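Colleague: here is a sequence with its predicted model. Questions after.
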Amino acid sequence: MPFTGSCHCGAIKYTVDEDAPSKAMACNCSICRRKGSLHHFTTPDKFTLHADGDDVASYKFNKHAIEHHHCTQCGCSPFAEGIGPDGNRMIEINLRCADVDLDTLEISAFDGASL
């Protein structure tokens, strides 16, 4: 069953055509540490964005491999797009912006600060 999510104001919404995840990843890299994201990764074919292009802004840093998207209205960062370690396109979902029960997630740590 698909799950959904959005930024705080609702200008950016999305649907992910898969069951809600039971696991998430917490990264300690410089941007994730500041945003507090809980990551879930999926493929572009399972992700549908419902937003006006003017409501989505992007930020790239370091190797510019990931577009960190945020809402131009409320500033929330509900998802990102990029190239995964396997060379394929991927979508990162910030589960803190998803309609999932965060208390039920098994959270694993990723040491992105060491990369």
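Modeller: Yep, that arrived. Just so it is clear, the model here is predicted, and its values are computed rather than measured. Numbering: from 1, shown residues only.

Colleague: which residues are in contact with the helix or strand of the chain with the lowest mean pLDDT?
Modeller: Sorting the helices and strands of the chain by mean pLDDT, DSSP states H and E puts helix 30-35 at the bottom, at a mean of 92. Residues outside helix 30-35 that contact it (Cβ atoms under 8 Å, 6 or more residues apart in numbering) are A26, C27, H39, F61, H68, S77, N94, G112, A113. Just so you know, the C-beta spots here come from the backbone N, C-alpha and C atoms, and that holds for glycine as well.

Colleague: got a PyMOL select line for the buried ones in those residues?
Modeller: Command for PyMOL that selects the buried part of the contacts of helix 30-35, burial taken from 16 or more other Cβ atoms under 10 Å:
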select buried, resi 26+27+39+68+77+94+112
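
Colleague: least confident pick among the contacts of helix 30-35?
Modeller: Lowest-confidence member of the contacts of helix 30-35: F61, scoring 86 (pLDDT).

Colleague: quick one: the nearest residue to S37 once chain neighbours are set aside and H68, what's the gap?
Modeller: Using Cβ to Cβ, 6 or more residues apart in numbering and skipping the chain neighbours, the partner closest in space to S37 is N94 (4.4 Å). Counting by Cβ to Cβ, to the nearest Å, the separation of N94 from H68 is 9 Å.

Colleague: what's the answer for R34, then?
Modeller: Using Cβ to Cβ, we find R34 at a distance of 11 Å from H68.

Colleague: re the thing from before, what residues does the residue nearest to S37 make contact with?
Modeller: N94 makes contacts with G5, K35, S37, L38, H39, S77, P78, F79, A80, as judged by Cβ under 8 Å, 6+ apart.
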